[in-house]
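**Student:** got a predicted structure here, sequence first:
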Amino acid sequence: MDQYEEQEHEVYGGEIPDEEGEMDAEFDMTAGAEDYQGNDQGLQQDPSSSKDLEDMKKRLREIEEEAGALREMQAKVEKEMGAVQDSSSASASQAEKEEVDSRSIYVGNVDYACTPEEVQQHFQSCGTVNRVTILTDKFGQPKGFAYVEFVEIDAVQNALLLNESELHGRQLKTHGSGKDLTNGHKSYRDDLCYLAFAMPVMFTLFGNHPWLPTMNALAGTSRNFRLASRLLGLDSKLEKSLLIPFREIKVECTIPKDDGTLVSYVGFRIQHDNARGPMKGGIRYHPEVNSFFFISSVDPDEVNALAQLMTWKTAVADIPYGGAKGGIGCSPRDLSKSELERLTRVFTQKIHDLIGIHTDVPAPDMGTNAQTMAWILDEYSKFHGHSPAVVTGKPIDLGGSLGREAATGRGVVYATEALLAEYWKAVKGLTFIIQGFGNVGSWVARLIHERGGKVIAVSDVTGAVKNQNGIDIPQLLKHKEATGSLTGFSGGDSLDPSELLVHECDVLVPCALGGVLNRENAAHVKAKFIIEAANHPTDPEADEILSKKGVIILPDIYANAGGVTVSYFEKLPRTVLRERLDHPIPAGENNSNIQGFMWDEDKVNKELKRYMTQAFHNIKTMCQTHHCNLRMGAFTLGVNRVARATLLRGWEA
């Protein structure tokens, strides 16, 4: 048994046998027992030992019979599922096997507790997964290997880029199947399939199951980072370091409601990276905040991905910030203004010593606004003195920037113009569909309308409206301000919101929630261009489908960077202002926002356009250098800048 255990240890170490039959030999306990019987004279003469040996052989036969029964069960269930053919499929041609191999990979160092669903979730961003098999020995024990078969051959190269990515805390080893793995021993694939079928059906997963969750924004961000880091050839230790957050903060916030009852909320702040400057990111008030960040089933990388996204976004825009993200798990609609103020002030009291103008600068996000920032500013100033620069996106009367309200939407339009110019097109004359008519979507619609673009459909949580001749956006804005809804607008026809994304147009602009473009609707999208004004509106599977359709996607990491860019203008150092403004600046002033200085709105808009246009050209250069699409061009640009700053500051492996 010692020899058996040693062999098992070697297999668990991730070594894949090169010779056919070697894996079977590892578990041939009968041969080991016979050797033991023939070489030990004492055993032959001891009746009790002989009985033990016979019992061992009997148990071995029972185990083999159980394994055979399990194989039969596996084959029966898979046949009923339509996943495998009858016995005639075993005679499939070598060409067919090679075709399957060409779109498959082997994965080593797989944790024994991993399920096929988890492996599929890990690799499905690379392409649609057709089958996942957890490889097992003859006794049904996981061997630390998995076999992943994709629908498309192009997915294999993406999957190989995930070599050394982590699953269950272990670094996976990815290899191309067939000859790439076995140095010509093609028959080894048959051994693997044989071993895989020795387990119950729960260890093999076939097809693209609708009940499996698609990769969410958090996992998608981490996946894009890993792909970019491999294109850049980053050191694996540096890559891992860049994923680890600088600090994670989680606090309890209890407040009295207006009726006197006490209620508790959870607040958080994740500070990801400060290599390029103070960390920067929004504070959101939303019921799903806690489920996004703190449920135990979420991968640790996913927990920090929204903060990571800000790190890469500020780097793409080339502004001297790092990334952070935070918020409170609450529904602002269910709280009065006084309750929201009390909650904001308690949250600020809990984190005031961990934020600041040189440390971490919050901004508005989903469910928060300029008033929220004003409350944070006031509460923070009670501890640290007057500090208007501690937040951005605050009211203009408290030192906010002109143009900040429209900044994200305006940046989206500037980014759109930069992209269209590459195709010798302009906004004027093109048809647009805008999903989401809140702050960002309404500004995008207004500015597109002003430039002669034809907005033919818009939607929000209240409904959708369409007009093939173009919607009168100023009138629609007045209607919504008066009624609080898009429904009932006389200048267009109602539209099922679910049909909006697949309605024919030149440019589709998602401005609302993430994941709206997915595997269910991507194949039906008719737009030629997609501008991601929302965070992660396109999941990885949809991204793949749309790319194959030839749809040009302008990624969120660049397209919606206008807001954080104008936040930078709100806090721009005086030394930069001195170089760019025509009038003199009093001596002795160190920071524009500390002294209450601000640009006029025309200056803000002009500088925003310059930053967005330059960022697009930088992304284009990265696309040409690394032969990648716009999304990977943006990620390689951002990740490269952060990595360089990290190395220059003295990082060592």
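**Tutor:** Sure, I can see it. Everything numeric here is computed off the predicted structure, so don't read it as measured data.

**Student:** where do the helices sit along the stretch 501-650 of the chain?
**Tutor:** When secondary structure is read from DSSP state H, counting those that start in this stretch, the stretch 501-650 of the chain shows helices at 540-548, 556-559, 562-570, 574-580, 601-626, 630-648.

**Student:** want to throw those helices into JSON lines with distance to I473, mean pLDDT and mean neighbour count?
**Tutor:** Every C-beta, even on glycine, is put in place using the N, C-alpha and C of the backbone. JSON lines is the format used below for those (distance: least, C-beta to C-beta, whole Å; pLDDT from 0 to 100; neighbours: other C-beta atoms under 10 Å):
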{"stretch": "helix 540-548", "distance to I473": "27", "mean pLDDT": "89", "mean neighbour count": "20"}
{"stretch": "helix 556-559", "distance to I473": "20", "mean pLDDT": "95", "mean neighbour count": "29"}
{"stretch": "helix 562-570", "distance to I473": "19", "mean pLDDT": "89", "mean neighbour count": "27"}
{"stretch": "helix 574-580", "distance to I473": "33", "mean pLDDT": "46", "mean neighbour count": "13"}
{"stretch": "helix 601-626", "distance to I473": "19", "mean pLDDT": "94", "mean neighbour count": "17"}
{"stretch": "helix 630-648", "distance to I473": "27", "mean pLDDT": "96", "mean neighbour count": "22"}
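
**Student:** quick one: closest of these to Y380.
**Tutor:** Shortest separation from Y380 across those is recorded for helix 562-570, at 15.9 Å, computed as C-beta to C-beta.

**Student:** pretty sure V444 sits against A415.
**Tutor:** No: with contacts counted by C-beta atoms under 8 Å, V444 stays clear of A415, the gap being 10.5 Å.

**Student:** off-centre distance for the helix or strand containing F123?
**Tutor:** Element membership for F123 (DSSP states H and E) is helix 116-123. Distance, stretch centre to chain centre, for helix 116-123: 15 Å (C-alpha atoms, centre = their mean, to the nearest Å).

**Student:** stretch 154-167 too?
**Tutor:** Taking C-alpha atoms, centre = their mean, one finds the center of stretch 154-167 at 15 Å from the center of the full chain.

**Student:** check which residues of it are buried.
**Tutor:** Buried residues in stretch 154-167, counted by 16 or more other C-beta atoms under 10 Å: A155, V156, N158, A159, L161, L162, N163, S165, E166, L167.

**Student:** just the C-alphas of that stretch, formatted as CSV.
**Tutor:** This file holds the C-alpha atoms of stretch 154-167, laid out as CSV (Å, rounded to 0.1, in the frame of the first residue of the first chain):
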residue,chain,number,x,y,z
ASP,A,154,-10.7,30.0,-31.5
ALA,A,155,-11.5,29.6,-27.9
VAL,A,156,-8.4,27.4,-27.3
GLN,A,157,-5.9,30.2,-27.6
ASN,A,158,-7.9,32.3,-25.2
ALA,A,159,-8.0,29.4,-22.7
LEU,A,160,-4.3,28.8,-22.9
LEU,A,161,-3.8,32.5,-21.8
LEU,A,162,-5.4,31.5,-18.5
ASN,A,163,-2.4,29.3,-17.7
GLU,A,164,-1.5,29.9,-14.0
SER,A,165,-4.8,31.5,-13.3
GLU,A,166,-6.3,30.6,-9.9
LEU,A,167,-9.3,28.4,-9.2
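
**Student:** could you check how far S229 is from R649?
**Tutor:** Counting by C-beta to C-beta, to the nearest Å, the gap from S229 to R649 is 18 Å.

**Student:** what's the answer for F529, then?
**Tutor:** As for F529, its distance to R649 is 39 Å (criterion: C-beta to C-beta).

**Student:** the two - which one has more neighbours?
**Tutor:** Remark: of F529 and R649, F529 carries more neighbours, 20 against 10, as counted by other C-beta atoms under 10 Å.

**Student:** now do the contacts for the more buried one.
**Tutor:** Contact analysis of F529 by C-beta atoms under 8 Å, 6 or more residues apart in numbering lists T416, L419, L420, D506, V507, L508, V551, I552, I553, L554.

**Student:** need the helices of the stretch 501-650 of the chain in JSON lines with distance to K325, can you?
**Tutor:** Output for these, formatted as JSON lines (distance: least, C-beta to C-beta, whole Å):
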{"stretch": "helix 540-548", "distance to K325": "21"}
{"stretch": "helix 556-559", "distance to K325": "14"}
{"stretch": "helix 562-570", "distance to K325": "12"}
{"stretch": "helix 574-580", "distance to K325": "26"}
{"stretch": "helix 601-626", "distance to K325": "21"}
{"stretch": "helix 630-648", "distance to K325": "16"}
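
**Student:** what mean pLDDT does stretch 461-474 get?
**Tutor:** In this model, stretch 461-474 has a mean pLDDT of 93.

**Student:** just stretch 334-347 next, same as before
**Tutor:** Taken as a whole, stretch 334-347 has an average pLDDT of 96.

**Student:** try stretch 389-400
**Tutor:** On average, stretch 389-400 scores 89.

**Student:** strands of the stretch 301-450 of the chain, start to end?
**Tutor:** With DSSP state E, counting those that start in this stretch as the criterion, the stretch 301-450 of the chain has strands at 322-328, 360-364, 431-435.

**Student:** export the ones you listed as CSV, with columns for distance to N469 and mean pLDDT.
**Tutor:** What follows is those, written out as CSV (distance: least, C-beta to C-beta, whole Å; pLDDT from 0 to 100):
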stretch, distance to N469, mean pLDDT
strand 322-328, 41, 91
strand 360-364, 36, 93
strand 431-435, 10, 97
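
**Student:** if you compare the ones you listed, which one is most tucked away?
**Tutor:** Across the strands of the stretch 301-450 of the chain, averaging neighbours per residue (mean count of other C-beta atoms under 10 Å) puts strand 322-328 on top, at a mean of 28.

**Student:** quick one: strands adjacent to it?
**Tutor:** strand 262-273 (antiparallel), strand 279-285 (parallel) (DSSP bridges).

**Student:** so which of the ones you listed comes closest to Y321?
**Tutor:** Distance to Y321, taken as C-beta to C-beta, is lowest for strand 279-285 among these, at 3.9 Å.

**Student:** got the angle between that closest one and strand 360-364?
**Tutor:** 40 degrees (axes from the mean of the first three to the mean of the last three C-alpha atoms, to 10 degrees).

**Student:** now strand 279-285, how far from the chain's geometric center?
**Tutor:** How far strand 279-285 lies from its chain's middle: 17 Å, per C-alpha atoms, centre = their mean.

**Student:** quick one: mean pLDDT for it?
**Tutor:** Averaged over strand 279-285, pLDDT sits at 91.

**Student:** next one: stretch 483-491
**Tutor:** Rounded mean pLDDT across stretch 483-491 is 90.

**Student:** likewise for stretch 136-144?
**Tutor:** Here the average pLDDT along stretch 136-144 is 68.

**Student:** show the end-to-end separation of it, please.
**Tutor:** End-to-end span of stretch 136-144 (C-alpha to C-alpha, to the nearest Å): 8 Å.

**Student:** so which of the helices of the stretch 501-650 of the chain comes closest to V390?
**Tutor:** For the helices of the stretch 501-650 of the chain, the distance to V390 is smallest for helix 562-570, at 11.5 Å, taking C-beta to C-beta.

**Student:** other SSEs contacting the closest one?
**Tutor:** For helix 562-570, the packing partners by 3 or more C-beta pairs under 8 Å, 6 or more residues apart in numbering; DSSP states H and E come out as helix 305-316, strand 360-364, helix 404-422, helix 601-626.

**Student:** kindly recompute the last result at 10 Å.
**Tutor:** When contacts are defined as 3 or more C-beta pairs under 10 Å, 6 or more residues apart in numbering; DSSP states H and E, helix 562-570 sits against strand 279-285, helix 305-316, strand 360-364, helix 404-422, helix 439-450, helix 574-580, helix 601-626.

**Student:** make JSON lines out of the ones you listed and add distance to A542.
**Tutor:** Output for those, formatted as JSON lines (distance: least, C-beta to C-beta, whole Å):
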{"stretch": "strand 279-285", "distance to A542": "24"}
{"stretch": "helix 305-316", "distance to A542": "18"}
{"stretch": "strand 360-364", "distance to A542": "28"}
{"stretch": "helix 404-422", "distance to A542": "19"}
{"stretch": "helix 439-450", "distance to A542": "20"}
{"stretch": "helix 574-580", "distance to A542": "40"}
{"stretch": "helix 601-626", "distance to A542": "20"}
